[in-house]
Each structure stands twice: as C-alpha cells, then as structure tokens.
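A.B. asks: show me the folded form of this:
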Amino acid sequence: MARFCDGLSRRDFVRVGAIGTGLGLADFLRADQTKPAKATSAIFVYLGGGPSHMDTFDLKPDAPVEVRGDFKPIDTNVPGVRICEHLPKLAKLADTFAIVRGVSHNIAAHELGTEYLNAGNRPIPSLVYPGYGAVASKELAGDKELPHFVAVPTTPQKAGYLGVRYAPLQTNDVPKPNVPFSVRGITLGNGLTVEQFEKRNNLLDDLDTTFKGAEADSKLIDGMDKFARQAFDMIRSPKAREAFDVSGEKPDVAKPFGDGRFGMSCLLAMRLIAAGVRFVTVSFTGWDTHTNNFKSLQTGLLPQLDTGLSALLAGLRDRGLLDTTTVYVVGEFGRTPKINDKAGRDHWPRAMTALLAGGGIKGGQVIGASDAKGMGPATEGYTPDQLAASFYHTLGIDHRKEYRTATGRPVMIVREGSVIRSLFG
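C.D. replies: Prediction:
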C-alpha cells in the first residue's frame, strides 16, 4: 500500500470517498438522458502523488544541472514535440494526444490537491464537490446491465452533494494476466450462488416493505430503493461478468499492456469502455518522489506508464473507440524544479502537465508552456478548473450547468473554469 509523505494512503482515498460505503451496487446506478456528445465515455488516469513535469512531458535540457535532472528529451512522431527518453512508446503515439503545459495552482497538499484535480473545483469546507465520474454517470445514458462509473482499483473521486447513487463501483483489485477477474457485486464470491443471493434480496424486499415511508424524503433511502432492482438484475447479467473478465481478450490484444498492475488496469478500462461502461478511473500511485526521484522514475514508474498508457491509446484507436472516448491523464501537482539533497523533487503546484486524448481533442500538439526552469507558466497558464471545463466539453456536458444540493443551493458543475478552445484545433 503506497503512502504519501503527508500520511495519505491509497486506503485513505477509499475512506475519503466512502459516502455510502456498504450500500451495494444499487447506489451506483442511474440511467439518465443527455444531449448528444462528441465522446460518449471517458477514462480518467490519476497519477497519485504528483508526477514531476520536469522529468516526463516538460523537460528543460538547457536549464542548470540542479534543475534539468538526469533525463534527456527524445523526439516524438510529431515534429517539434519532445518528451522524456523513458517514454519511447508514448513518443510514437504523440499524434494521438495533446500535452497541456503550464498548468498551475497553489495547493501543495496531497489530499486537497487530489480533491481539486479529481473534481475540477477548488475544495471548500462547506461543500463536497462530485468527481468527474459522478457527474458523467448522472449526465450520460448507459446500459442498465452495466455500472456507469467503475474505479480500478479505487478512486479518490466522490459522489459529493449528488448523493450515493452516483458513487463508483470500486474493483478493489486489478486483474492478473490470463486469470478470470472477479469483482465483488458482479461475480458472486465465497461460494454464494445467485439463488442464495435471491433469497437475501427477497428478505430485503420484506424489510423494505415494512419500513417504506419512514424516510420518504431521505436522499439516501431514495438512492437505495430506486436502484435495488437494477443492481440485482446486473449481478445476474452475463454481459456484466464478461465485461470485467480480461482473460477473454485475445493474446495479441492483451500483450502490449504487459503484466504489471497499471497495464492490466488499463486493459480492464479499455474492455469496460468497449462493453458500454460510461466512465472508468484508473489510479496509479507512487509518484511522491521526495527521494531517489530519478531511480524511481527510470526503473519503475515511467516504464509502467509508458507501457500501460501507450497500449490504452493504441488499443482504443485500433478498436475505433478513441474518437468517442476521452482520456484524461493528470496528478495533483508537479514537483520542484530544483532537485533536493536526497536526489528527489518536492511538491510544486505552480507548474504541472496534463494529457488529453480523444473526444474531439486535437492530438499531436502542445498547449501552453512553463518558463525556462519549469517554475511556473511562461505566460498566463491554465488552471485545473479550465482542464475540467474542457474535459466536460468533450462529453457534451455544459460545465456551467447548475445542480441543486440537498439544501437547495444552486452550484455550477465547474464554478470557475472555461473551455480551452485551442485543445480542439
């Protein structure tokens, strides 16, 4: 279990977003109608811990040695676009994604930065904003036999004021190569048969009838009651079980993803999207590199990112799914331009990068720039709110749309953002 420098762990992410934990699959499901969109689904890849922009997609080879670090930039298949030498597979696919440099904010703490980048709204004490997946599952219609929002293996994204019905189904594990993948709530474990589950469900129906009306105005009860039957239908659905079973992929499709946890997570994400799931998050932690930054990146993090993300982008493209699937890759902040005395880089929200692909995004371009030492935007820069507005735009979701909280308070989906038009050509 990875733990960040300030004590926040992956398990904490589950606790932070655990509104409605234990309420079951029924709480995650909602089929809603929305206007036509450029993309009909999305994959959000979260690099927890804060990846170094200086050592991934925004290298500074002409900066002083204490800034530029150990890595060299390499050419990509797009003239003039260069990225880290340890991302050679992504370099061959640079025409499929856009790099946004000079993204900047001022929250240097993991938990708050994570909330910010997973919801697109700056955190405030008085309101819990819904994450991207919760909004997408509210706005985008989906297959009643499939969950609309799946997290592989977990996610810090919350349902927030939208309520538990928009919370994610978390797999809590990642697939292993050539092994059928069992997900709690989809595949019945511990020897529990569908018939046994049906008996339990009938008992719950009896209890539901007994207490019906006791909490007529409760958002929690409404979420449980309205979608209980749909959850039961899903748990018996061969379509849902098949969607999660990556062992069903052909060997030539699965091989590029490798056998690492991140690569296998990306393979599952692609399979879920192909089956009709609307929103998938993939969490890849370990980027909190205060010490041994270059060794950690070179021997583990970058090769895994290169293999998994390149296979995901190529796989979606080859299946004809990239145009209708937005891929958004980001961490909570960048890292200090100056290398510390432990060969590491510390928290640095003033400059970071993000990748976007699919959903009408024009690939093969770099938007924005950081200054000569990677300390901040070279000009005006971009905010996480603008990235959020642009992300929703690819899905045909108006970020200015207002929702109502449980107390009737009107809140826009993204309060401060605006669409970065140059991302779309």
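
A.B. asks: going forward, measure contacts and count neighbours with C-alpha atoms only.
C.D. replies: OK.

A.B. asks: in this protein, where is pLDDT below threshold?
C.D. replies: 1-3, 6-37, 183-236 (pLDDT under 70).

A.B. asks: phi, psi of the residue nearest in space to the middle of it?
C.D. replies: Nearest to the mean C-alpha position of the chain, counting by C-alpha atoms, centre = their mean, stands residue 44 at 2.7 Å. Dihedral pair for residue 44: phi -110, psi 110, per degrees, to the nearest 10.

A.B. asks: for residue 113, same thing?
C.D. replies: Backbone geometry at residue 113, expressed as degrees, to the nearest 10, gives phi -60, psi -40.

A.B. asks: could you find the closest non-adjacent residue to it?
C.D. replies: Spatial nearest neighbour of residue 113, chain neighbours left out: residue 332 (5.0 Å); criterion: C-alpha to C-alpha, 6 or more residues apart in numbering.

A.B. asks: state the distance from that neighbour to residue 160.
C.D. replies: 19 Å (C-alpha to C-alpha, to the nearest Å).

A.B. asks: same check on residue 271?
C.D. replies: Counting by C-alpha to C-alpha - residue 271 and residue 160 are separated by 27 Å.

A.B. asks: cool, residue 81 as well?
C.D. replies: 38 Å.

A.B. asks: picking up where we left off before, quick one, what contacts the residue nearest to residue 113?
C.D. replies: Neighbouring residues of residue 332 by C-alpha atoms under 8 Å, 6 or more residues apart in numbering: 47, 48, 49, 50, 110, 113, 114, 116, 117, 349.

A.B. asks: the closest residue in space to the second one that isn't next to it in sequence - how many residues pack around it?
C.D. replies: If I follow you right, that is residue 48. What sits nearest to residue 48 in space, not counting adjacent residues and going by C-alpha to C-alpha, 6+ apart, is residue 285, at 4.3 Å. Using other C-alpha atoms under 10 Å, residue 285 has 21 other residues around it.

A.B. asks: was I right about residue 285 contacting residue 51?
C.D. replies: No - with contacts counted by C-alpha atoms under 8 Å, residue 285 stays clear of residue 51, the gap being 9.5 Å.

A.B. asks: next, the buried residues of the helix or strand where residue 239 lies.
C.D. replies: Using DSSP states H and E, residue 239 sits within helix 238-244. Judged by neighbour count (16 or more other C-alpha atoms under 10 Å), helix 238-244 contains these buried residues: 240, 241, 242, 243, 244.

A.B. asks: quick check: the fourth one touching residue 269?
C.D. replies: No - the pair formed by residue 243 and residue 269 falls short of the contact definition of C-alpha under 8 Å, at 9.7 Å.

A.B. asks: returning to that earlier point: looks to me like the residue nearest to residue 48 is in a helix.
C.D. replies: No - counting by DSSP: H, G, I helix; E, B strand; the rest coil, residue 285 is located in no helix; its state is coil.

A.B. asks: quick check on it: phi, psi?
C.D. replies: phi -100, psi 170.

A.B. asks: what's the answer for residue 171, then?
C.D. replies: Backbone torsions of residue 171, given as degrees, to the nearest 10, read phi -70, psi -30.

A.B. asks: correct me, but it touches residue 155?
C.D. replies: No - taking contacts as C-alpha under 8 Å, residue 171 lies outside contact range of residue 155: 9.8 Å.

A.B. asks: show me what contacts the residue lying closest to residue 178 once chain neighbours are set aside?
C.D. replies: Distances taken as C-alpha to C-alpha, 6+ apart place residue 247 nearest to residue 178, at 4.7 Å, with adjacent residues excluded. By C-alpha under 8 Å, 6+ apart, residue 247 lies in contact with 177, 178, 179, 180, 181.

A.B. asks: I'd like these laid out as TSV, including neighbour count and distance to residue 258.
C.D. replies: Below are the contacts of residue 247 laid out as TSV (neighbours: other C-alpha atoms under 10 Å; distance: C-alpha to C-alpha, whole Å):
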residue	neighbour count	distance to residue 258
177	18	8
178	15	11
179	11	14
180	15	16
181	22	16
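
A.B. asks: now, which of those sits nearest residue 297?
C.D. replies: residue 177 (23.9 Å; C-alpha to C-alpha).

A.B. asks: pretty sure that closest one sits in a helix.
C.D. replies: No - applying three-state DSSP, one finds residue 177 to be coil, outside a helix.

A.B. asks: skip the chain neighbours and tell me the closest residue to it.
C.D. replies: In space, and not counting its chain neighbours, residue 177 is closest to residue 259: 6.0 Å by C-alpha to C-alpha, 6+ apart.

A.B. asks: residues near the one you found, how many?
C.D. replies: 18.

A.B. asks: cool, and the one 5 residues further on?
C.D. replies: For residue 264, the neighbour count with other C-alpha under 10 Å is 24.

A.B. asks: what sits up against stretch 335-348?
C.D. replies: Applying C-alpha under 8 Å, 6+ apart, the contact partners of stretch 335-348 are 50-54, 66-69, 108-109, 288-294, 333-334, 349, 351-352, 373-375.

A.B. asks: what number of residues lie near residue 391?
C.D. replies: When neighbours are defined as other C-alpha under 10 Å, residue 391 has 27 of them.

A.B. asks: helices or strands next to whichever helix or strand it is part of in the packing?
C.D. replies: Element membership for residue 391, per DSSP H and E: helix 384-394. Judged by 3 or more C-alpha pairs under 8 Å, 6 or more residues apart in numbering; DSSP states H and E, helix 384-394 is in contact with helix 110-119, strand 325-330.

A.B. asks: now render the ones you listed as TSV, adding distance to residue 136.
C.D. replies: Formatted as TSV, the helices and strands packed on helix 384-394 follow (distance: least, C-alpha to C-alpha, whole Å):
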stretch	distance to residue 136
helix 110-119	11
strand 325-330	12
